[in-house]
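*Asks:* The following comprises the amino acid sequence and a computationally predicted model.
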4 protein chains.
Amino acid sequence: MGAPTVTNAYNEEQAANTQLNELIERFRPYAAEGKCASYIPALANAEPSHLGITVIQPDGTIWRAGNWDVPFTLQSISKVLSFIAVCVARGIPYVLERVDVEPTGDPFNSIVRLEMHKPGRPFNPLINAGAITTASILPGETPAQKLAAIIRLIERLTGKQARVNEDVFQSEWGTAYRNRSLAYYLKETGFLACDVEDAIEVYLKQCAIEVTTEDIAMIGLVLAHDGYHPLQREQLLPKQVVRIAKALMLTCGMYNASGKFAAFVGVPAKSGVSGGIMTAVPPRVRPAGTPCADGCGIGLYGPAIDEVGNSKAGGLLLQHLAEEWDLGIF
Amino acid sequence: MGAPTVTNAYNEEQAANTQLNELIERFRPYAAEGKCASYIPALANAEPSHLGITVIQPDGTIWRAGNWDVPFTLQSISKVLSFIAVCVARGIPYVLERVDVEPTGDPFNSIVRLEMHKPGRPFNPLINAGAITTASILPGETPAQKLAAIIRLIERLTGKQARVNEDVFQSEWGTAYRNRSLAYYLKETGFLACDVEDAIEVYLKQCAIEVTTEDIAMIGLVLAHDGYHPLQREQLLPKQVVRIAKALMLTCGMYNASGKFAAFVGVPAKSGVSGGIMTAVPPRVRPAGTPCADGCGIGLYGPAIDEVGNSKAGGLLLQHLAEEWDLGIF
Amino acid sequence: MGAPTVTNAYNEEQAANTQLNELIERFRPYAAEGKCASYIPALANAEPSHLGITVIQPDGTIWRAGNWDVPFTLQSISKVLSFIAVCVARGIPYVLERVDVEPTGDPFNSIVRLEMHKPGRPFNPLINAGAITTASILPGETPAQKLAAIIRLIERLTGKQARVNEDVFQSEWGTAYRNRSLAYYLKETGFLACDVEDAIEVYLKQCAIEVTTEDIAMIGLVLAHDGYHPLQREQLLPKQVVRIAKALMLTCGMYNASGKFAAFVGVPAKSGVSGGIMTAVPPRVRPAGTPCADGCGIGLYGPAIDEVGNSKAGGLLLQHLAEEWDLGIF
Amino acid sequence: MGAPTVTNAYNEEQAANTQLNELIERFRPYAAEGKCASYIPALANAEPSHLGITVIQPDGTIWRAGNWDVPFTLQSISKVLSFIAVCVARGIPYVLERVDVEPTGDPFNSIVRLEMHKPGRPFNPLINAGAITTASILPGETPAQKLAAIIRLIERLTGKQARVNEDVFQSEWGTAYRNRSLAYYLKETGFLACDVEDAIEVYLKQCAIEVTTEDIAMIGLVLAHDGYHPLQREQLLPKQVVRIAKALMLTCGMYNASGKFAAFVGVPAKSGVSGGIMTAVPPRVRPAGTPCADGCGIGLYGPAIDEVGNSKAGGLLLQHLAEEWDLGIF
């Protein structure tokens, strides 16, 4: 009985890979409507026409297509991971006292709300202000120790070594004026728990951790299953922490298009200006035979981003899959 | 085979009703931490200790407890219904051009963002500015015709007649200065499609439509099933419109606690200052034997509201059920 | 002794008129860099190349040049007069409780600050919000009575009849959405003392009062002399009220260029979108022989306005005179 | 003829000193309604009941009373001096391109406007953002050189050596988070011309320059006379620069009470949180026999400040003198 199943699975996988490859070529031209982030020199050098995807299902099936194995840096995707790491280390109430979980409608690097809403608690951990606060309360005394908490989490989830891309880090470090402005503001209002330069170092290094679509697809898969790793068959993260993380991804994960993404795609996802999108598709009652009926993790990469900061081609491809495969959680 | 099933179902229903009644009494005291909305005289007269709930499942099972049958007015819950009505009548692109679907982090009656973000398109239809724009583009020339579109929708979903509570309407009409301020602002920027007074009349009347927890539970059930009415066995609303409505409820439905509600409760819900909460729990893979494993609609009523505008006891009760029954969509 | 003086005065006057006529022709071309206000149809019909001036000194000398006698409506210049009228009628403390006297840096029709600064007292009477509050606390029950208080004040100061240009009023009345938005906001926060429509009627009618440069030069002369009318030889207004009015003109009188105007021109002045500028030049120690050494009132008219709302050619001409004649008060 | 004049002058001076001493004791109790700035430890140690004044007239008459000789640090008063120094060194157009001269209505340390108004040019040099920009464009490469430009200016105007109070500087340096936040924001938008730490060092050291009421009275006197030093009989500063500085003092010099100060006191003045007020009273036509009829400089010191940052007793004393001696410029 086993052999035919394998064959079927193999054929299915072939078919899926073929379909994904077709979609990659169909959506790749939309990259021309975006452009690579230019404020970080190392990102500006990415190949704008790149588009890649990895889909991982709980049974271990992996579909890959396009430039799925081009390495890129996490950038804002890392905000989800630092939030999870700090909740695990400190407990949810400790974290919520220092950073709220409310969407804002403001640009990701906005400082206005810190002044307008006393006492200046950042509205959520996925905007820069909140992510810098989060970095400052990671466990450990030194930037290296704080960063290690995130690195360890990623390595535990992906089963692979993770490292900081030093070029990208250096390229941001010298010009991170706006982030330092945010950090000093938070320092004054008491929402930064370490030195400004230490917090900025942790934050920029977590942004510069290098991954591929496979890595973030795998992480997305574990998030989809509430912290349970279906391949390692182990509960790696507390369910409640992961649920909050997914709620944040849905309400604030796609920059100022988060609402439209929730409305038209409907899955928890987090993007970064490097062009990555990490998606967690929870299991849901779906018609039999639908791809990914039991949920999945999806990793996307397309470095040409739109005006709000999301991968242009990647976002459109994800929207197409969500409709085609009925991935939405609503 | 049928009889025992019936008996089981009956016993189950009894058990559930008993459980809900116990929960009502357990959470009722929290009403003391909130208070009835005072800016609308007719609302201030509500009995603050009231707390009621109705749960309706797709198989028709109905659980009711507490003050489930006390009538109250929809208030902001009506914003979901007018949005659906206008999308059905005008098409989604027409509506999205006039009102965005992004959360804001601002108070529900805020006017600031209309001036700060050109050209002043309201950020979403669940804040007052967006709801007033929505009211203005409802089909029909007169306020009566526009209101009829919402009334018809409600009657179609609940199978019962719906009517405006004239006392509540009159009580708001005379003092709706802030809403008129918003409406005139929208008129100037071109985001109001009818006369100010007409739009305010429609908006305040839709807010004053009277319901019970059963009515909004039934509407929540249909939303949970993407517009399909499981009891009437008919697709009443377009799936995509309902999906967008649920995304809006999750990202913006609980006033400025929407993010926390998404994080800690995790179901699409919309509250009103009258103390109602309409909840749509979509089907999801849940452990067998879990109550509402196939999703449900939940209607809650508890007129003592907290500082952001949500029913104090109702919100806590819903959070308890979401944890107990694993209702969250993430 | 009298005759030669007369001759000298006459010659001086001739010389001054000649000089002013030359300046008019020199600055008239700058009108091309501005344009007539278009949001009020009746203003859009003004002749953009018009430029006129009247200068009145305390000894009764009057210099006139260019289109000094073209009638135009007061628009925002009226805000100074309604503020004076209401201070005279109600006393300064009563007025200050309802409208502050602080500059804002915001656009004249901004609503943001009303929401951001509790309890929403308008920052000064020369922005629309403050002017509408001022209109609402003018003495009298009806709009006609309230308006009469301003009309009487103008007639007392100019010695001529004043009347509302009905065309301009009607042309604003139908589309004053933004002002109604402000008024309803003020109504909600308690900073509007009469009906919204009544306040708007008073406000728009005061804006539509018709004058010439001679009228506002005469008013400016009286303000320059702290409420003492040098020609009528009578103290018409309380000194302290006039001092506050001049401080307001200097700090907030020229829309969002008030600071630059204070820095580079340095005299209390108030402009209107119709292109008028009313200027009060207080007596000051000036070199003997300087024109207007004892102060003066200056009325300017040039309907082509710049992007912040001030007469383009009129502002430049006034700046030139201030430098040439050393008019600045600093 | 000389002797009696001297006697008269002497008697007058005695009388004036006596009057001032009486006023000091009359207004000193109002200090209890304010309190010393606490965010800078070194300022919190000041004696709150101190109140002192020096008045210097162009003929060299000096009146002193109360704690006129207690040294204090310039704090925000230094902003006027750095603005003058930079205008002298760079020319007015260069400076205006980098910092505007418009009042704001916002708190002195606000960052909101930098984000809300593109491209982020500070609104004026008397708010912190503008003062930090100003510090960064002072002539010189090093902080020491930039600071020297201000020190030299002060020494030239007072004829005395000026020095930085190192304790106060150190006490601010370690906790100047908000100012660093502003500086990094300005760095990102291109409105900071040197390193952040250098700009902050210059800015905090200029704030920590130590003076007495006599020093700022003397500087006020020179400003009153448009840069001409009546005692040194030399034009020390360009008239236009000084006129702009006085316009700024009047429109923005007294924090968020600048408008009320202009309305009720009516003289160019600049306060600091240390409790100093530097006032420039220009010559003006005043009744013969009025004290200071030819203008004067007034230095005040009273370290107990009100909620907006101005010396409580000092402000009231100045308002009294302005009314009594008719000092207002309007």
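*Replies:* Cool, got the structure. Numbering: from 1, shown residues only, chains lettered A, B, ... in the order given.
*Asks:* ok, which stretches of chain A are helices?
*Replies:* A:2-27, A:41-44, A:78-90, A:92-98, A:112-116, A:128-136, A:143-158, A:166-173, A:177-189, A:196-207, A:213-224, A:239-252, A:258-264, A:312-324 (DSSP state H).
*Asks:* Looking at these, which is nearest to residue B:296?
*Replies:* Shortest separation from residue B:296 across those is recorded for helix A:239-252, at 19.2 Å, computed as CB to CB. Where C-beta positions appear, they are placed from N, C-alpha and C, glycine not excepted.
*Asks:* Quick one: list the elements packing against that closest one.
*Replies:* With contacts defined as 3 or more CB pairs under 8 Å, 6 or more residues apart in numbering or on different chains; DSSP states H and E, the packing partners of helix A:239-252 are helix A:78-90, helix A:92-98, helix A:213-224, helix A:258-264, strand A:269-271, helix B:239-252, helix B:258-264.
*Asks:* Which residue does the stretch 101-250 of chain A have closest to chain C?
*Replies:* Of all residues in the stretch 101-250 of chain A, the one sitting closest to chain C is residue A:116 (6.7 Å; CB to the nearest CB).
*Asks:* Residue A:259 reaches residue B:103, doesn't it?
*Replies:* Yes - taking CB atoms under 8 Å as the definition, residue A:259 is a contact partner of residue B:103 at 5.5 Å.
*Asks:* higher neighbour count, these two?
*Replies:* Remark: of residue A:259 and residue B:103, residue B:103 carries more neighbours, 29 against 26, as counted by other CB atoms under 10 Å in any protein chain shown.
*Asks:* nearest spatial neighbour of that one, skipping sequence neighbours?
*Replies:* Taking CB to CB, 6 or more residues apart in numbering or on different chains as the measure, residue B:103 lies nearest to residue A:103, with 3.8 Å between them; neighbours along the chain are not counted.
*Asks:* Now the one you found: phi and psi?
*Replies:* Phi and psi for residue A:103, reported as degrees, to the nearest 10, are phi -70, psi 160.
*Asks:* what sits against it?
*Replies:* For residue A:103, the contacting residues are A:123-124, A:251-252, A:258-259, B:103-105, B:251-252, B:258-259, by CB atoms under 8 Å, 6 or more residues apart in numbering or on different chains.
*Asks:* Now flag whichever of those is closest to residue A:309.
*Replies:* Ranked by distance to residue A:309 (CB to CB), the contacts of residue A:103 are led by residue A:258 at 10.8 Å.
*Asks:* correct me, but that closest one touches residue A:247?
*Replies:* No - using CB under 8 Å, residue A:258 and residue A:247 do not qualify as a contacting pair, with a distance of 11.5 Å.
*Asks:* on that earlier part again, could you point out which of the helices and strands packed on helix A:239-252 sits nearest residue D:14?
*Replies:* Smallest distance to residue D:14 across the helices and strands packed on helix A:239-252 (CB to CB): 63.2 Å, for helix A:92-98.
*Asks:* Please name every helix or strand in contact with that closest one.
*Replies:* So helix A:92-98, by 3+ CB pairs under 8 Å, 6+ apart, packs with helix A:78-90, helix A:128-136, helix A:239-252.
*Asks:* Identify each buried residue in it, please.
*Replies:* The neighbour-count check on helix A:92-98 (16 or more other CB atoms under 10 Å in any protein chain shown) flags A:92, A:95-96, A:98 as buried.
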